[in-house]
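Enquirer: Sequence first, then the predicted structure, then my questions.
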Amino acid sequence: MPTMESVLSDLAEDRVTGALRLDEAGTVYLTDGRVTYAESPAVPRLEDLLTADDRIPAQAVRQARQAATEDRPGGERLVGQGVLTRGELEFCVLSAVLDAAYFLSGSAAHHRGFRPGDRHWLGPQWYFDVAGLSRECERRRAQLDRAWPSGELDTLPVVPLARIPAQRVVLTSLQWEVLVAADSTATPAELAHRLGRPAYSVLLAVRRLAAAGLLRVPEAGGRPGAAPAGTGTPAPAPQTPPAPQTSQTSQTPSAPPALPRRPKTTGEPRAGGEPREGAAGSAASARWLPAATGDPADVNLLIRLRNALEALT
């Protein structure tokens with residue numbers, strides 16, 4: 001049975017436009033053979049990410065979706081109405097697509113069919129080449145394995161320890177949200193939907209919390225050094241979870257590699273809507289974001305930027 005990646009590669013070669021529906025796993029939207037959006041029930045919807053913490057009115061997003069047309073998709077309506085800036089929308093779409101692509105990657109392509117011409121209501125915001133998405137999914141798998149080399153916690157309820165073997169721990173803001181929201185019954189995916197956070201980010205936070213000794217883990221196969229799911233050779237590591245350190249390095253990942261400078265262009269930046277009052281960012285701060293183009297270098301640069309920001313939080 002072909003994988004999703006192989007089917008997408010064939011569609012990319014034919015430079016098609018439409019939607020590939022993968023049974024209950026999700027849907028991938030393409031424009032001229034490049035992925036412009038992906039969604040999956042396993043991850044929060046873009047609407048959930050946009051309206052988390054009431055930063056953006058849910059009614060405005062719902063109205064933009066209902067009024068979206070091919071000539072003026074919902075994303076243009078949101079920006080034009082000043083609900084959010086162009087930079088906010090593009091960065092949120094980037095996060096949502098990478099999130100869904102990770103959970104769709106490697107799945108068998110039991111698809112209900114390809115619907116030519118079908119477009120997502122937001123309209124194209126970024127263009128992702130299939131090979132680039134596959135590389136990013138592999139990088140994310142490797143990052144999860146480095147944090148905690150076992151996939152058992154990915155589908156189990158998150159259970160914080162009542163007492164930890166340390167006097168002080170350092171947490172990121174997302175790790176704090178996960179611990180506060182964990183009720184010993186919700187899985188990482190369920191917590192992501194509750195918090196309106198990308199599912200992969202929550203999953204990574206859970207694995208790092210487990211590595212720091214702050215979560216209850218399975219007795220067998222759930223410790224650092226246990227064999228990851230699908231392997232038979234344990235990774236060399238201590239047989240018990242290390243206690244959290246009191247220094248800042250206990251929860252802060254290593255510094256990311258330096259980002260390359262983007263060459264200057266003579267073209268004017270694409271115009272965006274005026275920022276709403278209290279929005280995270282302003283028109284001035286969003287002008288440095290590259291315009292949505294078909295150049296893979298633009299998308300790859302923004303992915304590296306997002307990874308760097310992720311490593312700092």
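Expert: Thanks, I have it.
Enquirer: Look up how far residue 73 lies from residue 101.
Expert: 20 Å (Cβ to Cβ, to the nearest Å). Just so you know, the C-beta spots here come from the backbone N, C-alpha and C atoms, and that holds for glycine as well.
Enquirer: where exactly do the strands run in this structure?
Expert: Secondary structure of the chain (DSSP state E): strands at 18-22, 26-31, 34-39, 113-116.
Enquirer: Dump those strands into TSV; add distance to residue 173, mean neighbour count and mean pLDDT as well.
Expert: Shown next, in TSV, are the strands of the chain (distance: least, Cβ to Cβ, whole Å; neighbours: other Cβ atoms under 10 Å; pLDDT from 0 to 100):
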stretch	distance to residue 173	mean neighbour count	mean pLDDT
strand 18-22	33	19	91
strand 26-31	28	23	94
strand 34-39	26	24	95
strand 113-116	40	12	88
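Enquirer: and of those strands, who's closest to residue 140?
Expert: Among the strands of the chain, the nearest to residue 140 by Cβ to Cβ is strand 34-39 (14.0 Å).
Enquirer: how about the CA coordinates for the closest one, as CSV?
Expert: Extracted in CSV, the C-alpha atoms of strand 34-39 (Å, rounded to 0.1, in the frame of the first residue of the first chain):
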residue,chain,number,x,y,z
ARG,A,34,2.6,22.1,-4.0
VAL,A,35,0.9,21.6,-0.6
THR,A,36,-0.9,24.7,0.6
TYR,A,37,-2.8,23.3,3.5
ALA,A,38,-3.2,20.1,5.5
GLU,A,39,-5.6,19.2,8.3
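Enquirer: mind putting the strands of the chain in TSV, distance to residue 205 included?
Expert: Formatted as TSV, the strands of the chain follow (distance: least, Cβ to Cβ, whole Å):
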stretch	distance to residue 205
strand 18-22	27
strand 26-31	22
strand 34-39	22
strand 113-116	35
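Enquirer: Quick one: closest of the ones you listed to residue 154.
Expert: Nearest of the strands of the chain to residue 154, taken as Cβ to Cβ: strand 26-31 at 17.3 Å.
Enquirer: Pull the residues that contact the closest one.
Expert: Applying Cβ atoms under 8 Å, 6 or more residues apart in numbering, the external contacts of strand 26-31 come out as 4, 8, 11-12, 16-22, 35-42, 100-101, 103-104, 118-120, 124, 127.
Enquirer: Partner strands of that strand and their direction?
Expert: Partner strands and pairing direction for strand 26-31 (DSSP bridges) are strand 18-22 (antiparallel), strand 34-39 (antiparallel).
Enquirer: Low-confidence bits of the stretch 151-300 of the chain, can you list those?
Expert: Low-confidence segments of the stretch 151-300 of the chain (pLDDT under 70): 220-300.
Enquirer: rerun that using 80 as the cut-off
Expert: The model of the stretch 151-300 of the chain has pLDDT under 80 over residues 165, 219-300.
Enquirer: Also the stretch 1-150 of the chain?
Expert: Those would be 1-3, 23, 53, 55, 106-112, if you go by pLDDT under 80 across the stretch 1-150 of the chain.
Enquirer: do that again at 90, thanks
Expert: 1-7, 22-25, 50-56, 70, 105-114, 126, 150 (pLDDT under 90).
Enquirer: Quick one, which of the strands of the chain gets closest to residue 201.
Expert: Nearest of the strands of the chain (Cβ to Cβ): strand 34-39, 16.2 Å.
Enquirer: Show me the contact partners of that closest one.
Expert: Contacts of strand 34-39 (Cβ under 8 Å, 6+ apart): 8, 12, 26-30, 45-46, 93, 96-97, 100-101, 104, 119-120, 122, 124-130, 133, 294.
Enquirer: Report the buried members of the residues you listed.
Expert: 8, 12, 26-30, 45-46, 93, 96-97, 100-101, 104, 119-120, 122, 124-130, 133 (16 or more other Cβ atoms under 10 Å).
Enquirer: Looking at those, which are in helices?
Expert: If you go by DSSP state H, those have 8, 12, 46, 93, 96, 97, 100, 101, 104, 130, 133 in helices.
Enquirer: What is the most widely separated pair among those?
Expert: Longest span within these, Cβ to Cβ: 12 and 46, 22.6 Å.
Enquirer: Okay, helices next: where are they in this protein?
Expert: Using DSSP H, the helices of the chain run over 4-13, 46-51, 58-67, 74-80, 86-104, 130-147, 173-181, 188-195, 199-211, 283-286, 296-311.
Enquirer: So for residue 160, which of the ones you listed sits nearest?
Expert: Comparing the helices of the chain by Cβ to Cβ, helix 173-181 comes nearest, at 5.3 Å.
Enquirer: Buried residues of that closest one, list them for me.
Expert: Applying 16+ other Cβ under 10 Å to helix 173-181 flags 174, 175, 177, 178, 179, 181 as buried.
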